[in-house]
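J.: 3D, please:
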Amino acid sequence: MKNCLSITAWLMALALNVHAAGSYTPQRSDFSFKSQICTSIDDDGNLVVDSIITFVIDKNGPVYAITSETLPLDVNFWTGFGDIAEEDINFDGIPDLQICLGPTNAYGGFTYDGYVWDDKLHRFTLVENFYNIMDPYYDSSSRRITGRYRVDNDLYFSVYQWRDNKLVLIEESTGRYDTDN
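T.: Down below sits the predicted model:
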């Protein structure tokens, strides 16, 4: 059984017992975040991460949870699972969430779930396929997100841009890793 179920159940029960005042409408600035790594034992007896629960905590009480699936990786060898960064993923000037899912290869290519703040719904919504962007770099001047990863001496780049409120792959390229430097 996952080791995070008791904490999750406790926080969700707390959220159900807290009643927000009257006509309160949450704003982006009302939220803080905490992640909980869920682990299990693999066939070889190793403790591995299998999911991450991110608690989105409203300063006025209500809590909701975001669940992210990960690759089953040994927690004693890899780090970064569940790290939360507040990045402006969609370049609208409002901080969004980037949740680290961990590495995907031995060269440290990390993947993330991305959630953008939806001002109409007053909550974070998942960016479909954001996890495909390894080690995202945000360029606010071009409003593009570049993913990059390495396999042996090959480098892979993918460039994404927002079009009609969807993140779209617009360019892919490859290169060689310079081992002389």
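J.: let me know the average pLDDT across the helix or strand where Tyr138 lies.
T.: Following DSSP states H and E, one finds Tyr138 within strand 137-139. Here strand 137-139 scores 96 as its mean pLDDT.
J.: chain neighbours aside, what residue packs nearest to Ala89?
T.: Slight slip there: residue 89 is Ile, not Ala. Counting by C-beta to C-beta, 6 or more residues apart in numbering, Ile89 lies nearest to Asp96, which is 4.1 Å off, once chain neighbours are set aside. Just so you know, the C-beta spots here come from the backbone N, C-alpha and C atoms, and that holds for glycine as well.
J.: roughly how far out does the strand holding Tyr138 sit from the chain middle?
T.: Using C-alpha atoms, centre = their mean, to the nearest Å, the mean C-alpha position of strand 137-139 is found 16 Å from that of the whole chain.
J.: again, but for stretch 41-60
T.: 13 Å.
J.: in it, which residues are buried?
T.: Neighbour counts over stretch 41-60 (16 or more other C-beta atoms under 10 Å) mark 48-58 as buried.
J.: so which of these sit within strands?
T.: 48-58 (DSSP state E).
J.: which single one of those is nearest to Thr79?
T.: Of all those, Thr79 sits closest to Val49, with 10.2 Å by C-beta to C-beta.
J.: thinking again about what came up before, for the buried residues of stretch 41-60, which one is nearest Asp164?
T.: Distances from Asp164 to these, taken as C-beta to C-beta, are shortest for Val56 (25.9 Å).
J.: could you check how far the closest one is from Arg28?
T.: Plainly put, Val56 is 11 Å away from Arg28 if you go by C-beta to C-beta, to the nearest Å.
J.: list the residues that contact both of the two?
T.: With contacts defined as C-beta atoms under 8 Å, 6 or more residues apart in numbering, no residue is shared by Val56 and Arg28.
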